[in-house]
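Student: Just to be clear, the model below is a prediction. Sequence and coordinates:
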Amino acid sequence: MVRVLIIYSAINILYLLSGNTLIAGEREIDSLKLELHNPQNGNVVQTLNELAWEYMYENLDSAHVYALQAIELSNQNQGKLQDYGDARMRLGSVYILQNDPKEAIPKFKEAAAVRTQLLD
């Protein structure tokens, strides 16, 4: 399962690096930032996860920060179980892009455990 997640992440990362959607990505980031500060936002963890993913297009440091914030909130049970797994997947992807597989693999394993639990 971990290999499947790593392959899936690698494919997504290659797509991100293709640069075909940079302009759309900037608009999406702006929209997500507005949503993040919307008091009626019912799932801040999901919004943080989406910001982390979108920032992988432009700024790995920002992607890292948003992924860590999503993990912190998900650890406080402020999100759904899927968001908990997604946060770990996003952070693992950031670590892969930063050429840090030692940090990435445990995050992918945590994400895989959540996905397995969701399937049960």
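Tutor: Now that the structure is in, tell me what you want to look at. Just so it is clear, the model here is predicted, and its values are computed rather than measured.
Student: residue contacts, the most centrally placed residue in the chain?
Tutor: The structure's the chain has its C-alpha centroid closest to Arg90; by Cα atoms, centre = their mean the separation is 2.6 Å. The contact partners of Arg90, by Cβ atoms under 8 Å, 6 or more residues apart in numbering, come to 49, 52-53, 63, 66-67, 70. (Each C-beta comes from the backbone N, C-alpha and C, glycine too.)
Student: Then Ala63?
Tutor: Here Ala63 is in contact with 51-53, 55-56, 90, 94, 97 (Cβ under 8 Å, 6+ apart).
Student: about what we covered before: which is the next helix or strand following the strand or helix carrying the residue nearest to the centre of the chain?
Tutor: Using DSSP states H and E, the element containing Arg90 is helix 81-97. For helix 81-97, the following helix or strand on the C-terminal side (DSSP H and E) is helix 101-119.
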